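In: here are the coordinates; sequence isn't available:
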């Protein structure tokens, strides 16, 4: 079945460092891809999405490009802030329900 | 626009007791989802409603879990009797229509079974 694999955490970075969180997927058909963020004590919030190959989703300085050839949707940000500390989930939907990765915890230190 | 509302936010019960969670989706959202998120894992879909009909409940442990969405708006998820392994955060989400579109999540209910 469809699935998402994302890099294990936790990830600890200093403020203004470059962030990459890897995400790869397995799916039949043509899934839509998402990154969700979960701040402490809160529900998941949509961070960005891409619905077809080569689409780039972006929001709040975060970017991810839908790469069909490598079945990937890596999350990047050029300069992280302390406020970006959260758990990040990669997810997909296609003909089935939304499938989530296990999540990657990011901690950004001042 | 108001977000997805859930209550209670926290619940502690003993094993074999029953518990119910409530969710009110975003107005106009036809699709409602219940997820179980165990600590350190991603959310796992338990049940999906389209209006007041069940679309997918293949991962719902039907011997102890039940859910309803009687008027196609708010929904209740019940566990009876609870087991220790049911300790998790229960997330409700809604979307305008069916799969392929982003889902909007509530804050979740953290259940601890002792």
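Out: Now that the structure is in, tell me what you want to look at. Please read these numbers as outputs of a predicted model, since none were measured by experiment.

In: distance between the lowest-mean-pLDDT helix or strand in chain A and the chain's centre?
Out: The helix or strand of chain A with the lowest confidence, counting by mean pLDDT, DSSP states H and E, is strand A:99-100 at a mean of 90. Distance of strand A:99-100 from the chain centroid (CA atoms, centre = their mean, to the nearest Å) equals 11 Å.

In: Just checking: what are the partner strands of it?
Out: According to DSSP bridges, strand A:99-100 has the following sheet partners: strand A:86-93 (antiparallel).

In: And the partner strand, how far out from the chain middle?
Out: When distances are taken as CA atoms, centre = their mean, strand A:86-93 is centred 5 Å away from the chain's centroid.

In: Show me what from chain A comes close to chain B.
Out: Neighbours of chain B within chain A, by CB under 8 Å from any CB of the partner chain: A:4, A:32, A:34, A:36, A:41-46, A:49, A:51, A:89, A:91, A:93-98, A:100-103. Yep, even glycine has a C-beta here, placed from its N, CA and C like the rest.

In: what pairs with the residue of chain A found nearest chain B across the strands?
Out: Taking CB to the nearest CB, chain B has its nearest neighbour within chain A at residue A:100, 3.2 Å off. Beta-bridge partners for residue A:100, by DSSP bridges, are residue A:91.

In: show me what contacts residue A:16?
Out: Counting by CB atoms under 8 Å, 6 or more residues apart in numbering or on different chains, residue A:16 touches A:79-81.

In: Whichever of the residues you listed end up buried, select them in PyMOL.
Out: A single PyMOL command is used to select the members of these judged buried by 16 or more other CB atoms under 10 Å in any protein chain shown:
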select buried, chain A and resi 80
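
In: Report the buried members of the residues of chain A next to chain B.
Out: Applying 16+ other CB under 10 Å to the residues of chain A next to chain B flags A:4, A:32, A:34, A:36, A:43-44, A:46, A:49, A:51, A:89, A:91, A:93-94, A:96-98, A:100-103 as buried.

In: low pLDDT regions in chain B?
Out: Within chain B, the ranges that satisfy pLDDT under 70 run B:1, B:98-100.

In: Against chain A, how distant is the spatially most central residue of it?
Out: The centroid of chain B falls nearest to residue B:34 when counting by CA atoms, centre = their mean (2.9 Å). As defined by CB to the nearest CB, to the nearest Å, residue B:34 lies at a distance of 11 Å from chain A.
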